[in-house]
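**Student:** Here is the input, now give the coordinates:
(chains A and B)
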Amino acid sequence: MRVIIRALNNYRISVRLTMISAAYLVVMSVLAYQTVTISNKDIDFGRQEKLGNQYQRPLATLLRQVGLHQMAALKVSDDALAPLEASIDESFQELMAVQAAIGENLDFTPDGLAKRKRSDFSPDKVRQAWMQLKGSINTLTPEQITEQHRTVLDGVRAMFAHSGDTSNLILDPDLDSYYLMDVTLLAIPQSLDRLASIGTDVTTMLSNSPQLSNPDRIKIATYQSMLREADVSRIRADLDTTFNEDAAFYGESATLKKEISPRLEAYNTAHDELIGLLGMLVESAQPVTTPEEFVSSVKTAHASAAALWDAGVGELDVFLDTRVGAFEGKRRDAILVALTLFLLSTGLVLVIQASINGPLKQSVAVLANGSEQMTTGVTEITSTSQSLASGATEQAASLEEIAASIEEISGMSRHNSDNAQQATTLATQVQDTTDSTVSSMNIMSDAIQDIFKAADETAEIVKTIDEIAFQTNLLALNAAVEAARAGDAGKGFAVVAEEVRNLAQRSASAAKDTAEKIRRSKDLADRGVGQSKEVEQSLGQIREKSVKAAEIIREIAAATKEQALGIGQINEAVSQLDQVTQGNAAAEEQSAAASSHLGSQADRFKGVVQEISGMIYGSKTPVRHAELTPEDWSSPKVAPKHTAAPAPRPVAPTPTAPTPTAPMVKPARNGHAPSNSLTGPKSHAEQIIPLDDNDFQGF
Amino acid sequence: MKETQPNEGSSRGVAGQFLRFSLGDECYGLSINHVQEIVPLNGAAVTPVPGAASYLCGIFNLRGTTVPLIELRNRFAMPAEAKLPKRCALMVESQVMDKLVIVGFVVDQVIDVVWLQDMEIKSAPQFCGKLDTHYVDGLSMFKNEVIILINSEKIIEFSRGALAYASTVKDSSGAILEGETKCE
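**Tutor:** This next block holds a predicted model:
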């Protein structure tokens, strides 16, 4: 059982439902088949009977003709042999043709004949006997003629009987056709034979001695009573029954009465006459009839019987056709009904399948989508919590860095403060120095001014000297002039004048030099003054700047103090952050644990959904997702309940997680193999999904 | 020490002692025979003569003698110069119509007395563009300097009109006009 269930798990639900209906359809098919078979049996039965009739037609002809031939051969009648022989040959040919066509169907095979101990009565053998008879007809004695004719006739009668047996005619199931068959298969052949015998024997008797002897009369009486009882009344009774029962079996035959009645009347008439004749022959001492008249009476009866036989077989065929037709109709109806029911039930099955599958598929799609989203959500939560955790770690690290940096900054700030102090001191010193420099400068300026004054005074003096030199020079020149005018007397004077001029020149040049030097020193003094002015300016700027610097430094010092305060506050804040971070980390741990648990629940849910999908779609088709509406997602209560459910079964591969799965579920190639597992579907479902409600309370 | 040569007052290009003086950038020379004396003009009383020619910058009292002053700068068509502290007047005597006249030549600066040889004196009339060549006797080289030797007689001659006017002015008043000089 388990093996079957496992095998069935390969197929999806729709396929299994189809299997159920297939099972019932098989039953139905079997029943329909049986009905058809029965109908076929009846049809074949009827057809076989018809084959028998077909086979018997040449046999009946032979029976009649051989009988006539016997009478002709024994010179009882005055029929020519040749035409009879020709027609008998013809009939034999017809027989052979029929034998070739349907001989095997009617068991006219060596085995078939041997089984029924009729090996001597194959058509070939009978024909052989006839050929022999025909060939040696002229050389035979009347007894031999009779005997050989008997052989042939017996052969034909045996073939009649064989065909009747093998064609089921002898087992005809309907009363109307059965009694008709009795007429054609048994009664009339027997009668024809008898009539031939009567024709031969009685005519011979009459020919031999018109006054019939008592044994003859007894024989004739026997013939008569047999003819009357065994043949005529039998035939009449049979046909009566046939007429009566006609309506009860497949309706009234339209042609029965039409064909049979006239011929029956002719038959009755002919036979009544013959029977009467025979009675008279028995009774009457006087010759009642001539052999020729008797023979013609016999021949009339013979012919009427043959005609009746023809009609009878024809009508028997009609009966058979009707019956076969009725059975064929029945069969066709059965098949049609079966097909219709088959189609209807198939339609019904498909509709039911669809009605089951549709909502199931929808629900499964919704579930699948839901499980997907759940898994995604859980993944997101997990990753978020991970990133949060790592973020917290980073945060802590950053906070440490901040603390270290703050320490540095604090140190630098103190350093700044000290530097600012020093700078202030220096600035003040600079100011002092500058002030003293300025006063020095002023002194220097005064000194330079003095230099100017002195130079000016000196220049005055020099100017005077120059003036003197000039005058002296002039004087000397004048002296020179006088000396020149004086001529020789003034030579000495000229010399003196020259010397004086030289002196004057020297004075002048000395004065010039001195003036130059004074000018130069004044220039230098000028330059000095200029420089000192520049220096004073620079000093002024320096002072200004140092004042500014001192101010700025004061500001720096104040700012540094503020900075220190600020750093203190930052420190506080950082330590607070640190605490908060630790708190976060702890909370993160919890969150991660919860989300991992949620993740495992989501996986189980997913597994269940995949299983159901596998059942509905087969293992290889993708799970169709449906769009979830917000209402589909009720508020997720993550209550991790550890129920005692079995571990999730290995599931069939879905497109999102195409992993090779456990041995239980093999990928369905084409889950439509119609298996004949006829176990109840309900028990199956419960065994396949052994989850209980507890598992789903967690979602 | 230069010796005076016994020369008979030759006024042309003959060696002798020359008095060098400067006017502006150029150095001039005058034979010492003609020069009586050199008088400084700074602060000296020079009486201007109104209505006289421009080159006559005034008259001067030389120990009782009235001497007209000829501004040589003006005479030689040089622009007037204000600052000349060493300005002197050369008392030049000259024979005019058989009279011995003393005229003052105002010069920028007196340099010295030099002895010039004959061969040093060259006559180069093309040299001086500004100077009327009438006045130039010749040129001389002294220590690579060019001395333009001038003829005082010619100067006085060409200035006779003004000189006459100046003397008449003196003559009419009978006294030396006193006043501030503007020739400085």
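
**Student:** What is the helix or strand A:Gln395 falls within packed up against?
**Tutor:** Taking DSSP states H and E as the criterion, A:Gln395 maps to helix A:291-486. Packing contacts for helix A:291-486, counted by 3 or more Cβ pairs under 8 Å, 6 or more residues apart in numbering or on different chains; DSSP states H and E, involve helix A:13-73, helix A:175-181, helix A:188-208, helix A:256-283, helix A:491-617, strand B:16-23, strand B:35-40, strand B:109-116. (Each C-beta comes from the backbone N, C-alpha and C, glycine too.)

**Student:** let's see 6 Å
**Tutor:** helix A:13-73, helix A:175-181, helix A:188-208, helix A:256-283, helix A:491-617, strand B:35-40 (3 or more Cβ pairs under 6 Å, 6 or more residues apart in numbering or on different chains; DSSP states H and E).

**Student:** average pLDDT for that helix?
**Tutor:** The pLDDT scores in helix A:291-486 average 87.

**Student:** Please apply the same query to stretch A:150-162.
**Tutor:** 91.

**Student:** Work out the gap between it and the centre of the chain.
**Tutor:** Taking Cα atoms, centre = their mean, to the nearest Å, one finds stretch A:150-162 lying 71 Å from the centre of the chain it belongs to.

**Student:** Grab the nearest non-local neighbour of the closest residue to chain B within the stretch 501-650 of chain A.
**Tutor:** Proximity of the stretch 501-650 of chain A to chain B (Cβ to the nearest Cβ) peaks at A:Arg501, 6.9 Å away. Nearest-residue entry for A:Arg501: A:Ala476, 3.4 Å, with adjacent residues in sequence omitted and distances by Cβ to Cβ, 6 or more residues apart in numbering or on different chains.

**Student:** which residues touch the one you found?
**Tutor:** A:497, A:500-501, A:504 (Cβ atoms under 6 Å, 6 or more residues apart in numbering or on different chains).

**Student:** Just flag the most distant two among those residues.
**Tutor:** A:Ala497 and A:Ala504 (10.0 Å; Cβ to Cβ).

**Student:** Which positions in chain A make contact with chain B?
**Tutor:** A:470, A:474, A:477-478, A:480-481, A:484, A:494-495, A:498 (Cβ under 6 Å from any Cβ of the partner chain).

**Student:** List the buried residues for stretch A:417-426?
**Tutor:** Neighbour counts over stretch A:417-426 (16 or more other Cβ atoms under 10 Å in any protein chain shown) mark A:417, A:420, A:423-424 as buried.

**Student:** Turn the contacts of A:Ala476 into JSON lines, including neighbour count, pLDDT and distance to A:Ser297.
**Tutor:** Rendered in JSON lines, the data for the contacts of A:Ala476 read as follows (neighbours: other Cβ atoms under 10 Å in any protein chain shown; pLDDT from 0 to 100; distance: Cβ to Cβ, whole Å):
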{"residue": "A:Ala497", "neighbour count": "22", "pLDDT": "82", "distance to A:Ser297": "237"}
{"residue": "A:Val500", "neighbour count": "17", "pLDDT": "86", "distance to A:Ser297": "235"}
{"residue": "A:Arg501", "neighbour count": "21", "pLDDT": "82", "distance to A:Ser297": "231"}
{"residue": "A:Ala504", "neighbour count": "20", "pLDDT": "84", "distance to A:Ser297": "229"}
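
**Student:** mind putting those in CSV, distance to A:Ile443 included?
**Tutor:** Shown next, in CSV, are the contacts of A:Ala476 (distance: Cβ to Cβ, whole Å):
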residue, distance to A:Ile443
A:Ala497, 53
A:Val500, 48
A:Arg501, 48
A:Ala504, 43
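
**Student:** Can you tell me which of the residues you listed is nearest A:Asn105?
**Tutor:** A:Ala504 (193.1 Å).

**Student:** Surely the closest one is in contact with A:Ala469?
**Tutor:** Yes: with contacts counted by Cβ atoms under 6 Å, A:Ala504 reaches A:Ala469, the gap being 5.0 Å.

**Student:** now the helices for chain B?
**Tutor:** Applying DSSP state H to chain B gives helices spanning B:72-75, B:152-158, B:160-173.
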